[in-house]
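A.B. asks: What would the 3D arrangement of this be:
(one chain, ligands or ions: 2)
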Amino acid sequence: MSDGKSFSPSRRSFLTASAAAGGALASGKLVHAQAAPDPAIIDPQPWRQYLGPGVDNAPYGMPSPYETEAVRRTVPWLTADQVSSINFTPLHELDGIITPNGICFERHHGGAAEIDPAEHRLMINGLVDTPMVFTMEDIMRFPRENHVYFLECAANTGMEWAGAQLNGCQFTHGMIHNVQYTGVPLRLLLEEAGVQTNGRWLLAEGADAAGMTRSIPMEKALDDCLVAFKMNGEALRVEQGYPLRLVVPGWEGNMWIKWLRRLEVGDEPWHHREETSKYTDLLEDGDARRFTWVMDAKSVITNPSPQAPITHGPGPMVLTGVAWSGRGTIPRVDVTLDGGRNWHQARMSGPSLDKSMHRFYYEFDWDGSPLLLQSRAIDSTGYVQPTKEQLREFRGENSIYHNNGIQTWYVNENGEAENVEVG
Ligand SMILES: Nc1nc2c(c(=O)[nH]1)N[C@H]1C(S)=C(S)[C@@H](COP(=O)(O)O)O[C@H]1N2
Ligand SMILES: [Mo]
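C.D. replies: Ligands and ions are numbered 1, 2, ... in the order given. Model (predicted):
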């Protein structure tokens, strides 16, 4: 009975007329007057004719089947296999500041360890008064805290050093995620073991097949590091280090040891693989920068971008992107539509949290002419995100890690975007 064809002609013409009137009342650009009745309004769609699945159809809910693009993606030629590899967060599909758990980028050196929490232990040994072993249950009995932090791999944007390469912010900037962690301050666990006066460094070790290790200065360990077991309210995902990971706010992702099994207190750094031959910046003169822990301020426009072209033609449009700094918050982001000749202050929206991702918007009327889009983050210390040219002047061409240079997207008359550099 609710078949659209049974609508009277007068009802039908009313719907057509009101759509046209709506168009006239609005800006005249966003809402289009329609010559013919809109089937999306007058036809009964299947979801109005049949009952939907009941509760418990999916005990763990999944995105709408129409949302197929918000997935992690990899770049096959980057690594020899999938076990020691990386995939990327679909930044162009997201909004706000939180990365959903299922699409947080993954970086593993020996695959993701699937750990039975009942058999997981965290050991603290070395220069401590009382070596300790904690079960997961023990850890849950310490006071816990909640914090939103970004995790950025130091190699994020690394493929872009020599010039524009990968077409999409997912690939150029997607080695980052931003989630709310629940965990125990590392300080509390170290206090339990009693760090001796010469205990100035910490070696964090993973329980995965890679057994990844990193040296962390005691100052940072006692400051804001967490031993986390939840992300965005639920247990860590296997890929993100279930059941326990180290959170090292603002510092390079490599130090955030997943599947955390051991913390050794020592009097000097260990200089293991991940802090010497890897995650070290080789300068032009052959010197290497030692311990580049903090991730400097950075930003990227996520929409429009190569994977998210402008499809609606000229007129009102929303430009958006994300910014972050390992040194604090991002009070300001500027954007340019003309490759840096004119800068406009973007609108920040959403919580502005320490060492977290921030969201910015810039709304403007697109006249349909080509654009050279860039964003420039300014953090709470006053630091301004550099151009790629400025970075290369100081760091040379050999670097991979810590590329926080300004990204440029070229947008053509059709709204298609491409990764470019402006000289
Ligand atoms: N145990 C362990 N921890 C690890 C790694 C690893 O391979 N094994 N990879 C590191 C690297 S290089 C990064 S960038 C981050 C990635 O975290 P994610 O997989 O949650 O994105 O984890 C770090 N911690
Ligand atoms: Mo990394």
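
A.B. asks: burial count for the residue in the stretch 201-350 of the chain positioned nearest to ligand 1?
C.D. replies: Closest residue of the stretch 201-350 of the chain to ligand 1, C-beta to the nearest ligand atom: residue 206 (2.2 Å). Just so you know, the C-beta spots here come from the backbone N, C-alpha and C atoms, and that holds for glycine as well. Residue 206 has 24 neighbours, counted by other C-beta atoms under 10 Å.

A.B. asks: Quick check: the gap between it and residue 212.
C.D. replies: Distance, residue 206 to residue 212, using C-beta to C-beta, to the nearest Å: 4 Å.

A.B. asks: what do the two both touch?
C.D. replies: 257-258 (C-beta atoms under 8 Å, 6 or more residues apart in numbering).

A.B. asks: is stretch 166-173 up against ligand 1 anywhere?
C.D. replies: No: using C-beta under 6 Å from any ligand atom, stretch 166-173 stays clear of ligand 1, coming no nearer than 13.4 Å.

A.B. asks: Can you pull the domain assignment for the protein?
C.D. replies: As given by automatic domain parsing, the domain ranges for the chain are 4-49, 82-289, 298-420.

A.B. asks: Report the secondary structure state of the closest residue to residue 363 other than its chain neighbours.
C.D. replies: Nearest residue to residue 363, sequence neighbours excluded (C-beta to C-beta, 6 or more residues apart in numbering): residue 318, at 5.5 Å. Secondary structure assignment for residue 318 (DSSP: H, G, I helix; E, B strand; the rest coil): strand.

A.B. asks: Against residue 347, how distant is residue 318?
C.D. replies: From residue 318 to residue 347 the distance is 10 Å (C-beta to C-beta).

A.B. asks: and for those two, which residues touch both?
C.D. replies: 361-363.

A.B. asks: will you turn those into CSV that also has pLDDT, neighbour count and secondary structure?
C.D. replies: Shown next, in CSV, are those (pLDDT from 0 to 100; neighbours: other C-beta atoms under 10 Å; DSSP: H, G, I helix; E, B strand; the rest coil):
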residue, pLDDT, neighbour count, secondary structure
361, 99, 17, strand
362, 98, 21, strand
363, 98, 11, strand
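
A.B. asks: Need the pLDDT of the residue nearest to residue 363.
C.D. replies: At residue 318, the pLDDT value in this model is 98.

A.B. asks: Touching, it and residue 302? I think so.
C.D. replies: No: with contact defined as C-beta atoms under 8 Å, residue 318 does not count as touching residue 302 (11.1 Å).

A.B. asks: So which residues on the stretch 201-350 of the chain come close to ligand 2?
C.D. replies: When proximity is defined as C-beta under 5 Å from the ion, the stretch 201-350 of the chain approaches ligand 2 at 253-254.

A.B. asks: let me fix that: the stretch 1-150 of the chain
C.D. replies: Close to ligand 2, as judged by C-beta under 5 Å from the ion, the stretch 1-150 of the chain has residues residue 107.

A.B. asks: tell me the average confidence for the helix or strand harbouring residue 188?
C.D. replies: Assigned by DSSP states H and E, residue 188 falls within helix 186-193. Regarding helix 186-193, the rounded mean pLDDT is 98.

A.B. asks: Then stretch 339-355?
C.D. replies: 98.

A.B. asks: Over to stretch 275-290?
C.D. replies: So the average pLDDT for stretch 275-290 ends up being 83.

A.B. asks: Is there proximity between that stretch and ligand 1?
C.D. replies: No: residues of stretch 275-290 are not located near ligand 1 by C-beta under 6 Å from any ligand atom, the shortest gap being 7.5 Å.

A.B. asks: Render the CA-only coordinates of that stretch in PDB, please.
C.D. replies: Taking Å, rounded to 0.1, in the frame of the first residue of the first chain, the C-alpha atoms of stretch 275-290 are listed here in PDB:
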ATOM      1  CA  GLU A 275      68.000   2.600  17.800                       C
ATOM      2  CA  THR A 276      71.100   2.300  15.700                       C
ATOM      3  CA  SER A 277      70.900   0.900  12.200                       C
ATOM      4  CA  LYS A 278      67.100   1.700  12.200                       C
ATOM      5  CA  TYR A 279      65.300   4.700  13.400                       C
ATOM      6  CA  THR A 280      68.400   6.900  13.000                       C
ATOM      7  CA  ASP A 281      68.700   9.800  10.600                       C
ATOM      8  CA  LEU A 282      71.700   9.700   8.400                       C
ATOM      9  CA  LEU A 283      72.800  13.300   7.600                       C
ATOM     10  CA  GLU A 284      74.500  14.600   4.400                       C
ATOM     11  CA  ASP A 285      78.000  14.400   5.900                       C
ATOM     12  CA  GLY A 286      77.600  10.800   7.000                       C
ATOM     13  CA  ASP A 287      77.000  11.600  10.700                       C
ATOM     14  CA  ALA A 288      73.900  10.100  12.200                       C
ATOM     15  CA  ARG A 289      71.500  11.800  14.600                       C
ATOM     16  CA  ARG A 290      71.300   9.900  17.800                       C
END
